[in-house]
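J.: Return atomic coordinates for the entry below.
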Amino acid sequence: MKTLLFLLVASFPLATLAAPTVNLVDISKPGVPGKTFAASTSMPASMTTVCAAIQDFAAYPQFMPNVDKIRVQAPPPSNTRCTPTRGRCRWA
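T.: All right, here's what the predicted structure looks like:
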């Protein structure tokens, strides 16, 4: 199963939050194997906090359903940034 994390608006640390409402939409394409989903949620947090949580890959098992463990094979380049643009993180 392929999952697309469309937008995660969360506060850090995510594991300490009560279960938020998550909107899940099946955006699978006919004729393409597997399933693709878009998920979104909303929580009071700054965009900087949201981006920091998304970039903390090692913490994903604490808040992502069906994620048991994460192994980061190489750290991201030091110049990788998540820039808030109209309420979304833009990766560069």
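J.: count of residues packed around the closest residue to residue 68 other than its chain neighbours?
T.: Take residue 68 and drop its neighbours on the chain: the residue closest to it by C-beta to C-beta, 6 or more residues apart in numbering is residue 61, 6.0 Å away. No exception for glycine: its C-beta is placed from N, CA and C like everyone else's. Look at residue 61: counted by other C-beta atoms under 10 Å, it has 14 neighbours.
J.: Numbering from 889 from now on, please.
T.: All right, first residue 889 from here; so that's residue 949.
J.: name the element residue 949 belongs to?
T.: In this assignment (DSSP states H and E), residue 949 forms part of helix 948-951.
J.: quick one on the thing from earlier: dump the residue contacts of the residue nearest to residue 956.
T.: If you count contacts by C-beta atoms under 8 Å, 6 or more residues apart in numbering, residue 949 has them with 955, 956, 957, 958.
J.: and which of these is nearest residue 922?
T.: residue 955 (16.9 Å; C-beta to C-beta).
J.: Does that closest one touch residue 947 like I think?
T.: No - with contact defined as C-beta atoms under 8 Å, residue 955 does not reach residue 947; the gap is 10.0 Å.
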